[in-house]
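> This is a predicted model, with the sequence first.
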Amino acid sequence: MRNRLIMPAAFAIGFLIVALPVFAHHGNAAFDNGKKVTVKGTVTEWTWANPHCYLKLDVKDDNGNLVHWFGEVNNPAFMTSFGWNAREFKVGDVVTLTLMVAKNGAQVGKIQEVILPDGRKLYGNAPPDGNAATER
């Protein structure tokens with residue numbers, strides 16, 4: 001009896017050991033929670049896909065140089081609950097992003113808020129009031 005349980009138990013423990021690092025992927029360790037930036041620019045690409053949705057933006061810096069920003073949010077199923085959809089952004093749209101920026105200084109961030117061309121706001125996580133997914 002004991003021998004029949006050893007193999008399944010060993011398999012289950014081995015599976016858990018291998019699977020645990022997968023959960024580490026979803027942390028925010030790469031982002032500086034205390035540093036947010038707001039940029040306004042032109043959408044160059046919107047990717048609505050798993051495991052994360054991505055928004056690429058061309059922004060002019062203070063010297064007039066073109067800087068490519070990359071913002072990410074959670075997966076499509078999660079973002080729909082905050083009012084996002086696959087057709088929300090079009091190449092050429094001018095939007096304003098507030099991002100929690102990368103600690104390494106790259107122009108990459110976790111999107112906190114987007115102001116759309118029509119003035120609506122989308123939130124990358126729970127809105128400040130905790131109620132509406134979007135607001136005008």
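Received, thanks. Predicted model only: the values in this text are computed from it and were never measured. Numbering: from 1, shown residues only.
> Do a quick rundown of the helices in this protein.
Taking DSSP state H as the test, the helices found in the chain are 2-24, 76-80.
> weakest of these in terms of mean pLDDT?
Of all the helices of the chain, mean pLDDT reaches its minimum on helix 2-24 (a mean of 57).
> quick one: buried residues of stretch 98-115?
98-102, 107-115 (16 or more other Cβ atoms under 10 Å). Where C-beta positions appear, they are placed from N, C-alpha and C, glycine not excepted.
> What's the mean pLDDT across that stretch?
So the average pLDDT for stretch 98-115 ends up being 94.
> Dump that stretch to PDB, keeping only the CA atoms.
Below are the C-alpha coordinates for stretch 98-115, written out as PDB (Å, rounded to 0.1, in the frame of the first residue of the first chain):
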ATOM      1  CA  THR A  98       0.200  57.500 -16.200                       C
ATOM      2  CA  LEU A  99       2.600  54.700 -15.600                       C
ATOM      3  CA  MET A 100       4.400  53.100 -12.700                       C
ATOM      4  CA  VAL A 101       7.900  53.100 -14.400                       C
ATOM      5  CA  ALA A 102      10.500  50.500 -14.500                       C
ATOM      6  CA  LYS A 103      13.300  50.600 -11.900                       C
ATOM      7  CA  ASN A 104      16.000  50.300 -14.500                       C
ATOM      8  CA  GLY A 105      15.100  53.600 -16.200                       C
ATOM      9  CA  ALA A 106      13.700  52.100 -19.400                       C
ATOM     10  CA  GLN A 107      10.700  53.800 -21.000                       C
ATOM     11  CA  VAL A 108       8.500  50.900 -19.800                       C
ATOM     12  CA  GLY A 109       5.700  50.900 -17.200                       C
ATOM     13  CA  LYS A 110       2.700  49.400 -15.700                       C
ATOM     14  CA  ILE A 111      -0.300  51.500 -16.900                       C
ATOM     15  CA  GLN A 112      -2.200  53.100 -14.000                       C
ATOM     16  CA  GLU A 113      -4.500  55.400 -16.000                       C
ATOM     17  CA  VAL A 114      -5.200  56.300 -19.700                       C
ATOM     18  CA  ILE A 115      -6.900  59.400 -20.900                       C
END
